[in-house]
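Asks: curious how this folds, go ahead:
(one chain, ligands or ions: 1)
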Amino acid sequence: MTSHNQLTDMRFYLNIDHVATVRQARGTDEPDPVRAAVLAELAGIDGITVHLREDRRHIQDRDVRLLMETARTGVNLELAATSEILDLACEWRPMQATLVPEKREELTTEGGLDLSTSEQLEIVGDALARLEGSGVRTSLFIDPTPEAIQAARELGADAIELHTGEYANTSGAERVRQLDRLDRAASLASKLELAVHAGHGLTYENVQPVAAIPEIEELNIGHSVIARAVLTGMERAVKDMSRILRRARRHRA
Ligand code: PXP
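Replies: As a prediction, this is how the structure comes out:
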């Protein structure tokens, strides 16, 4: 696997969906998530994550197609197991596909995949078989429970991504409990020879204890980093516009 960040044994995948969210808010062509991916790669990320949703609310087919051509790191495509996007994933063959649950009404992915019924197991199993048949590494986004991990193992996924949302949304003693849950889940998954990823809701403030879990080899982080980039890029963006405005006033007829 290509990695620009050889300093750690954990990969940092940046989810760039929200660069596309800003673009879609105006229906123009900026900011372009593909350009953002280039800059993030130059800054040292190990891979790019995008979620191509059925409603195309942020990332578009064009974005994934271009990323597949231009990314120098790996592309991790998040998708729902039931969708026509599975066909696209098999055609595009990203380095990795992460199956996630998807509901139209949700603001973001709300929970891990439901692997509790035979119907769900069949749907996810079929999707995994199709992706594997196309040579795509597979990961399942699941809640940190022994049952879900066992099911992922039986389905033959290459990796699991532990949902860190409950950890992120709690505080105090409950957060400690959720961290312990993640820790135990990572350890069990690793014993079952599943590669362990994690993500959702991780921020500059809460990521450290999760990043310290030794079995976790990949973190997917989006919102917090894109939000920070908007702020840390503000000074330069304002200065660039101010310079153009000042020049225009100086040179007016
Ligand atoms: N992992 C999965 C499976 C996700 O669906 C998301 C959100 O798209 C993330 C990680 C990243 O979450 P956040 O944007 O909260 O960092």
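Asks: show me where the stretch 101-250 of the chain has strands.
Replies: For the stretch 101-250 of the chain, the strands defined by DSSP state E, counting those that start in this stretch cover 137-142, 159-163, 195-199, 216-221.
Asks: got the CA positions of the lengthiest helix in the chain in CSV?
Replies: As assigned by DSSP state H, the longest helix anywhere in the chain is helix 172-191. The C-alpha trace of helix 172-191 is given here as CSV (Å, rounded to 0.1, in the frame of the first residue of the first chain):
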residue,chain,number,x,y,z
GLY,A,172,-16.8,11.6,31.4
ALA,A,173,-17.2,8.0,32.6
GLU,A,174,-19.4,7.1,29.6
ARG,A,175,-16.6,8.1,27.3
VAL,A,176,-14.1,5.9,29.2
ARG,A,177,-16.6,3.0,28.9
GLN,A,178,-16.9,3.6,25.1
LEU,A,179,-13.1,3.8,24.8
ASP,A,180,-12.8,0.5,26.6
ARG,A,181,-15.4,-1.0,24.2
LEU,A,182,-13.4,0.1,21.2
ASP,A,183,-10.2,-1.2,22.8
ARG,A,184,-11.8,-4.7,23.4
ALA,A,185,-13.4,-4.7,19.9
ALA,A,186,-10.0,-3.9,18.3
SER,A,187,-8.3,-6.6,20.2
LEU,A,188,-11.0,-9.2,19.3
ALA,A,189,-11.0,-8.3,15.6
SER,A,190,-7.2,-8.5,15.4
LYS,A,191,-7.3,-11.9,17.0
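Asks: list the buried residues for that helix?
Replies: 175, 178, 179, 181, 182, 183, 185, 186, 188, 189, 190 (16 or more other C-beta atoms under 10 Å). All C-beta spots, glycine's among them, are computed from the backbone N, C-alpha and C.
Asks: now pLDDT too, for those, in CSV please.
Replies: Below are the buried residues of helix 172-191 laid out as CSV (pLDDT from 0 to 100):
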residue, pLDDT
175, 97
178, 98
179, 98
181, 98
182, 98
183, 98
185, 98
186, 98
188, 98
189, 98
190, 98
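Asks: and those residues, which is closest to the ligand?
Replies: The ligand lies nearest to residue 182 out of the buried residues of helix 172-191, by C-beta to the nearest ligand atom, at 13.6 Å.
Asks: from residue 103, how far out is residue 55?
Replies: 10 Å (C-beta to C-beta, to the nearest Å).
Asks: the longest helix of the chain near the ligand anywhere?
Replies: No. Figure legend: helix 172-191 not in contact with the ligand (C-beta under 6 Å from any ligand atom); closest approach 13.6 Å.
Asks: which residue ranges of this protein form helices?
Replies: Counting by DSSP H, the helices of the chain are 17-26, 33-43, 61-70, 85-92, 118-133, 146-155, 165-168, 172-191, 207-211, 223-232, 234-250.
Asks: give me whichever of the strands of the stretch 101-250 of the chain is most buried.
Replies: Comparing the strands of the stretch 101-250 of the chain by mean neighbour count (mean count of other C-beta atoms under 10 Å), strand 159-163 comes out on top with a mean of 28.
Asks: please save the CA atoms from it in CSV.
Replies: In CSV, the C-alpha atoms belonging to strand 159-163 read as follows (Å, rounded to 0.1, in the frame of the first residue of the first chain):
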residue,chain,number,x,y,z
ALA,A,159,-11.1,-5.3,7.5
ILE,A,160,-13.6,-3.7,9.8
GLU,A,161,-14.0,0.0,10.5
LEU,A,162,-15.1,0.5,14.1
HIS,A,163,-17.7,3.2,14.5
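Asks: no further queries at this time; thank you.
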